[in-house]
Every structure is written in C-alpha cells, then in structure tokens.
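Undergrad: Show me how the following folds:
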Amino acid sequence: MELSQKRMRKQLERMKPLITGCSMELARKGQDALGALLSRSYHKEVRVEEVCFPGFPACRIVPRDQSPVGRMLYLHGGGYVCGDLEYAKGFGSVLSAVTGAEVLCPAYRLAPEHPFPAGLEDSFSAYEFLLEQEGPVVLCGESAGGGMIYALCFLAKEKGLPLPAGLIGISPWTDLTASGSSYEENRERDPSMTRERLDLFASCYTECRDNPLVSPLFGDLTGFPPSLLFVGGDEIMLDDSRRLHEKLLSCGCASTLEIAPELWHAYVLYCLKERRTDLDRIAAFCHSCFCGENNFQIPRKKA
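TA: Residues are numbered from 1 along each chain as shown. Next up, the predicted model:
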C-alpha cells in the first residue's frame, strides 16, 4: 500500500477538526482501523503468532519465507491512550517484512484506565522476555511508543539489564511538558496534531510530566545505544526529536536524525511512495545492530 504525500496531507487536514473533537472511544476505533489496513497490506509476507503475557496481549510477527535475522520490540503510539493489538500488528508487520526480523508487539495497558507506569511495566516485561533469548534486540516505537523505548532503557540501566542494540524513534514523544518552540511555531502547519489533544493525552497518562520515565528528554542518556530518529518538519512535536538528538550527541551517544520537510507526525507509518527509502534506512540500521556494528551511517538519497 503506497499513498502520495500530497493526497494524504489533504486527507489529514480535512480530518483534523474531527479528530481534535472526537471522543476517546472514536479515536481508539480510528487508530485501530489504520493498523488493520497496514497489516492487511503485508499479510502475505509475514506470519503472526499470539503470545500470552500476564495482564496484556501480544503477538510475534516473523517473515513467512525465511528465518528471522534478528529480534525487535515494537511499541506502538497513540498518546498512551489509543492502540490495541490489531493496531500494533500493522506497523509490526511492516517492520518484519522490510527487516526480516522477528518483531514482538505488546498491546500494553492504556490510560486513563491504566495510567503511568502500567504501560511501561508491560513493555518492560516484553523486553525481558526477548532478553531470555540470545542475540541483540532493537527497539522501535512511534509517538508515545517512541518515547517509551527510551524510558525502557532507563529501567534496564536501573535494573542492571543489557541495553538494546539500537533504538528507532519515529516522531518520538519525549517531552510531555511541551516545552519545545515547535509546539507554537508549527501549530498552523501541522496537518494532524494539536497541542490541546496532546495535553489531554498527557493528563490521562500522568500528573508528573517531567519525570524522565514519562519525558525521556529530561533524563541522563549517557551510555544509550545508537539511535535512528525520523520526524516530520511540519509537526508540532518536531523539537521532541530535535532536542533528543542533540542531547544524545552531547551525552556521547550515536544518533542520526532525519527531518522530512513538509511532513507530519509519524509519517513513516503511512508508507508514502515519496519516502520509500525510509524503510530501507530502518532495515539497514537494524542489520548493522544485529551484526554488532556501531558505525551505521544513514544512506542518503541520490541527487
């Protein structure tokens, strides 16, 4: 499934007023439908197996016609309030198909029914499950899930567990205090997200928005594994990625940031035909992590 950037942007702009004012129930249904659409597009290339965890469902996605080349943990987005297992299967299927990896997708508990730290605890349980097997693990997440992969690293360091081999953040939500200037500068340009909507999601999730386990931007990132970050140039959350990238570098960590001009929040999940190389970059990054390499350089488009 490939969509054009121009056509998708127009659709998002038309839907933005409806999404901003819709109920939590409707928002959840809409997001889950997007995941189902993605998984149907890749169902012939992967195989999905249910995995049982105490308290939350999950699935394991593997390439249909080859042995997995590595293992990934994918944490879905949705502002910590949206996203079920069907949604997680969507981009999880894309990741498995393009990387050749086994992808574990937990449907962690959601706020407001289960506020912080419930979702993080579930995600950490899934990470511990992967650590029981041999070999490196790469974490990937978009939006809230993108922030949670960094929070998960804080927990791993605290508990003395191995850190992942690499981190892939797609428009990661790393600052729930919304202190970046892009929240105002891109308010009119962003075709899909509003600050008010994010504030609602944050209030459902936690009362302590500057906790590093909630807003990883405010934690010590020293010793973190290599990061590959994607963010839309027009999204209000641009500074969440930009400032994270700068802090990773200042802490001595390897980080590559791809700012896509005129694109929106979590644009990678839309599999736009103009951005085919983004999935290639994710695959190349994963393979470098699985092989134990730490000198990954992001491939650039040919002029």
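Undergrad: For the stretch 1-150 of the chain, which segments are assigned as strands?
TA: For the stretch 1-150 of the chain, the strands identified by DSSP state E, counting those that start in this stretch occupy 46-53, 56-63, 71-75, 102-106, 137-142, in order along the chain.
Undergrad: do the stretch 201-303 of the chain as well
TA: 227-232, 255-260.
Undergrad: With respect to burial, which of those scores highest?
TA: For the strands of the stretch 201-303 of the chain, the stretch with the most neighbours on average is strand 227-232, a mean of 26; neighbours defined as mean count of other Cβ atoms under 10 Å. C-beta here means a position set from N, CA and C on the backbone, and glycine is covered the same way.
Undergrad: phi, psi of residue 178?
TA: Taking degrees, to the nearest 10, you get phi 60, psi 50 for the backbone angles of residue 178.
Undergrad: That one touches residue 196, doesn't it?
TA: No - counting by Cβ atoms under 8 Å, residue 178 sits too far from residue 196 to count as a contact (10.4 Å).
Undergrad: These two: which has the busier surroundings?
TA: Neighbour totals were compared for residue 178 and residue 196, and residue 178 leads with 19 against 9 (other Cβ atoms under 10 Å).
Undergrad: how about CSV for the strands of the stretch 1-150 of the chain, with mean neighbour count, mean pLDDT and distance to residue 153 added?
TA: Formatted as CSV, the entries for these read as follows, by neighbours: other Cβ atoms under 10 Å; pLDDT from 0 to 100; distance: least, Cβ to Cβ, whole Å:
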stretch, mean neighbour count, mean pLDDT, distance to residue 153
strand 46-53, 13, 96, 20
strand 56-63, 20, 98, 20
strand 71-75, 27, 99, 11
strand 102-106, 27, 99, 16
strand 137-142, 28, 99, 8
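Undergrad: Take those strands and lay them out in JSON lines including distance to residue 174.
TA: Below are the strands of the stretch 1-150 of the chain laid out as JSON lines (distance: least, Cβ to Cβ, whole Å):
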{"stretch": "strand 46-53", "distance to residue 174": "26"}
{"stretch": "strand 56-63", "distance to residue 174": "23"}
{"stretch": "strand 71-75", "distance to residue 174": "13"}
{"stretch": "strand 102-106", "distance to residue 174": "20"}
{"stretch": "strand 137-142", "distance to residue 174": "11"}
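Undergrad: Out of the ones you listed, the one nearest residue 291 is which?
TA: Closest to residue 291 of the strands of the stretch 1-150 of the chain is strand 137-142 (Cβ to Cβ; 11.5 Å).
Undergrad: Quick check: the residue lying closest to residue 22 once chain neighbours are set aside vs residue 168, distance?
TA: For residue 22, the nearest residue in space outside its immediate sequence neighbours is residue 30; the separation is 7.5 Å by Cβ to Cβ, 6 or more residues apart in numbering. Here the criterion is Cβ to Cβ, to the nearest Å. By it, residue 30 lies 24 Å from residue 168.
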